[in-house]
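A.B. asks: here's my sequence, what's the structure:
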Amino acid sequence: MKKNILLLIIIVSFFSSCKKEIDPFLVSKQNIGLLNDSTQVKEIEAVFINDSIVKYVTGDEFTGNINDITIYDKAGNQLLILTPSQSLDSTSTIKNIRIVDNRYKTSKGLTANSTFKTIRDNYKISSIQNTLRNIIVSVNDINAYFTIDKEELPASMRFDMNLKIEAIQIPDEAKIKNFYLYWAGK
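C.D. replies: Below you'll find the predicted structure:
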């Protein structure tokens, strides 16, 4: 009897130690903690059970407005802004995520407060787009894109929207303005 109990304790502790904890702040290509690319809007409350969820309802299904969902921690700090694929559809998945909180990071240490050097040193840059006030740096390896304010660039590069900007021209210390993940959304 004692041997059976001891064996049961050993088996239970073995399996419980094998269970891998999911880091709630780890950002990867198809996941942010427990949130993944197939999570439906109706499941968000279960994923962020310890956080506050604010859903903005600004229109109806006929206007085509997308209603962002903002996630706050219990201290009131903004964590994420989720954009569903379809407005007012609880079965819709998430198509775009703006990462606001610095605790969210990739396995290579990239956060919303990182610099361009962190992007360039750790990921293959897929494209750089030149817009009116920002540049958009895309990294397909993690389904992410980053905006960097043109104020971070040399003065000669800030005002020409037709200028093709290369990664080598962006200063290492240029700060990320916004960090987004994009998913196809179903």
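
A.B. asks: could you pull out the helices for the protein?
C.D. replies: Using DSSP state H, the helices of the chain run over 2-18, 44-47, 116-122.

A.B. asks: need the residues that contact the second one.
C.D. replies: Outside helix 44-47, the residues within contact range by Cβ atoms under 8 Å, 6 or more residues apart in numbering are 33-35, 39, 53, 69, 71, 82. All C-beta spots, glycine's among them, are computed from the backbone N, C-alpha and C.

A.B. asks: which of these are buried?
C.D. replies: With neighbours counted by 16 or more other Cβ atoms under 10 Å, those contain buried members at 33, 35, 39, 69, 71, 82.

A.B. asks: distance of the last one from Pro154?
C.D. replies: Here the criterion is Cβ to Cβ, to the nearest Å. By it, Leu82 lies 35 Å from Pro154.

A.B. asks: what's the answer for the second one, then?
C.D. replies: When distance is defined by Cβ to Cβ, Leu35 is 38 Å away from Pro154.

A.B. asks: again with the third one
C.D. replies: With distances taken as Cβ to Cβ, Thr39 is found 41 Å from Pro154.

A.B. asks: same deal with the fifth one?
C.D. replies: Between Ile71 and Pro154 the distance, using Cβ to Cβ, works out to 36 Å.

A.B. asks: mind checking the pLDDT average for stretch 112-125?
C.D. replies: Across stretch 112-125, the average pLDDT comes to 96.

A.B. asks: please compute how far that stretch lies from its chain's middle.
C.D. replies: Mean C-alpha position of stretch 112-125 versus that of the full chain (Cα atoms, centre = their mean, to the nearest Å) differs by 14 Å.
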